[in-house]
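Participant: Need the 3D shape of this:
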Amino acid sequence: MKKCLTIALAGMALISACSNTPDYDAMYLERFNTVKENGGMMPGYSPMEVVSGAENYQPLPHANATEQPISKSALDSAQRYAEANNSTAFIVWHEGKVLRESYFNHANRSTPIVSKSLSKPLGAIAIGRAIQLNKIDSTEQSVADFITEWKGTAKEKIKIKHLLNMTSGLLPQGYSTDPMHPWNTAYLSYEHDKILIHDYPLASDPGSEYGYSNASAELVAIIIERATGQRYADFIGQQVLAPIGAAGGEIWVNREGGLAHSGCCMTLPAESWLRLAILLLNDGVVKNTRLLPEHYVDVMKTPSNQNVHYGLGVWLGSPYAERRGFTGTGGPGPKVLHSAPYIDPLLFLFDGNSNQVVYISPTYNTVILRVGKTPPKQPEWDNSILPNILLSEYL
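Facilitator: Next up is the predicted model:
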């Protein structure tokens, strides 16, 4: 027999639902209290859904001693910097070969890495893959073509590119101790998809302002599922990871059988994130097969007028800014230090919370990955050190 639930907090109805599972109220409160106790961060995710990968996974080939374009001393120096900053994995790849692959703190090649905002460029790759499969017309298409509940509303003006470059006009990211705030319900609710569609507020005209938010990225999962008829986890596993030979992992879903969190919460081994970067470095082509539309990667690397450092899910290394924040160069919140310009002015990168970084250098055909826990506060993490130590070898 179904039980109907209404969660009430501070005398206000939070959410109502009828379900065979009577613990959704407790699940929400547990998530909310966990995030509150951890300063706005979710330390772990449950439930998780399997994301398949390559059936016959084989590690990327390693360069031999005669194929090393970067000196051992430079690789050692970069590795020491990664290790000193609480890294789990450090990998350097160049022209088809791994030059250095190191793991720390009992991790190994199969250790799942909590992606945090590395999931955002993956969402942009998923959209590109769906376009290549003729499931989506282009990034210029209205989101309302898939979220038809927005037809005839102000949100109908939101284009897919607005979600990916964070100019959707939806309420920007923030933190609140109020359990009723949409920042919390749209992230932690067991029906966060309904909240994103029906309740998450529009704060500005779509396309007019940069506003970094998980909400914009979370809507990608809804678009993919409605466009393709596949669950988000299945689409990523079958259409993205398997073709590039990457190992799979898991993704957080709001409830068993519910919607995946496409904005933050996939776990994959470090090398899988590296392979996604290699896919972009190779213009969306793997083994002579085009997975992404021609020029799509160029579109990903094109910033909006509202933030010159952000494209479609990826960060851009130029123009130089000593400090660059996720909320924009002049926005609130902490700013990531760049003590010097990147040696490769064309460099772009995946960049997530805890300084999860995957640097992609088109000029030098190199990918550099550092993932792990949050670096120590002192000395401060410097986003330019790893690529500049290594890329300077090519000069």
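Participant: Could you use CA atoms for every contact and neighbour count after this?
Facilitator: Will do.
Participant: State the distance from the nearest residue to Asn254 once chain neighbours are set aside to Ile368.
Facilitator: Using CA to CA, 6 or more residues apart in numbering and skipping residues adjacent in sequence, the residue nearest Asn254 is Tyr190, 4.6 Å away. If you measure Tyr190 against Ile368 using CA to CA, to the nearest Å, the figure is 36 Å.
Participant: next one: Tyr210
Facilitator: 28 Å.
Participant: what residues are up against the residue nearest to the spatial centre of the chain?
Facilitator: Closest to where the C-alpha atoms of the chain average out (CA atoms, centre = their mean) is Ser119, at 2.1 Å. By CA atoms under 8 Å, 6 or more residues apart in numbering, the residues touching Ser119 are Ser262, Gly263, Cys264, Cys265, Met266.
Participant: Okay, now stretch 164-174: how far is its last residue from its first?
Facilitator: Span of stretch 164-174 from end to end, CA to CA: 18 Å.
Participant: buried sites along it?
Facilitator: Residues Leu164, Asn165, Met166, Thr167, Ser168, Gly169, Leu170, Leu171, Pro172 are the ones in stretch 164-174 that count as buried (16 or more other CA atoms under 10 Å).
Participant: can you check stretch 91-100 too?
Facilitator: Ile91, Val92, Trp93, His94, Lys97, Val98, Leu99, Arg100.
Participant: How about the secondary structure of the last one?
Facilitator: Reducing the assignment at Arg100 to three states with DSSP: H, G, I helix; E, B strand; the rest coil gives strand.
Participant: Which pLDDT does the model give it?
Facilitator: pLDDT, Arg100: 98.
Participant: any idea how far Leu390 is from it?
Facilitator: Taking CA to CA, one finds Arg100 at 11 Å from Leu390.
Participant: Common neighbours of those two, please.
Facilitator: Leu75.
Participant: remind me which residues of this protein are low pLDDT?
Facilitator: Across the chain, the ranges flagged by pLDDT under 70 are 1-22, 329.
Participant: hmm, try it at 80
Facilitator: The chain contains residues with pLDDT under 80 at 1-25, 328-332, 395.
Participant: So which residues of it form helices?
Facilitator: 24-37, 72-84, 119-132, 160-164, 182-188, 192-198, 214-228, 232-235, 270-281, 296-300, 385-391 (DSSP state H).
Participant: show me what contacts Ser304?
Facilitator: Taking CA under 8 Å, 6+ apart as the test, what Ser304 contacts is Asn165, Tyr310, Gly311.
Participant: What about the second one, how many residues nearby?
Facilitator: Pointing back at Tyr310 there. 27 (other CA atoms under 10 Å).
Participant: Same question for Tyr394.
Facilitator: Tyr394: 11 neighbours (other CA under 10 Å).
Participant: Same question for Ser115.
Facilitator: Count around Ser115 with other CA under 10 Å applied: 27.
Participant: pretty sure it contacts Leu268?
Facilitator: Yes - the pair Ser115 / Leu268 is scored as a contact, 7.3 Å apart, by CA atoms under 8 Å.
Participant: nearest to Leu75, of the contacts of Ser304?
Facilitator: Tyr310 (28.6 Å; CA to CA).
Participant: excluding its backbone neighbours, what's nearest the closest one?
Facilitator: Per CA to CA, 6+ apart, closest to Tyr310 is Pro303, 5.2 Å.
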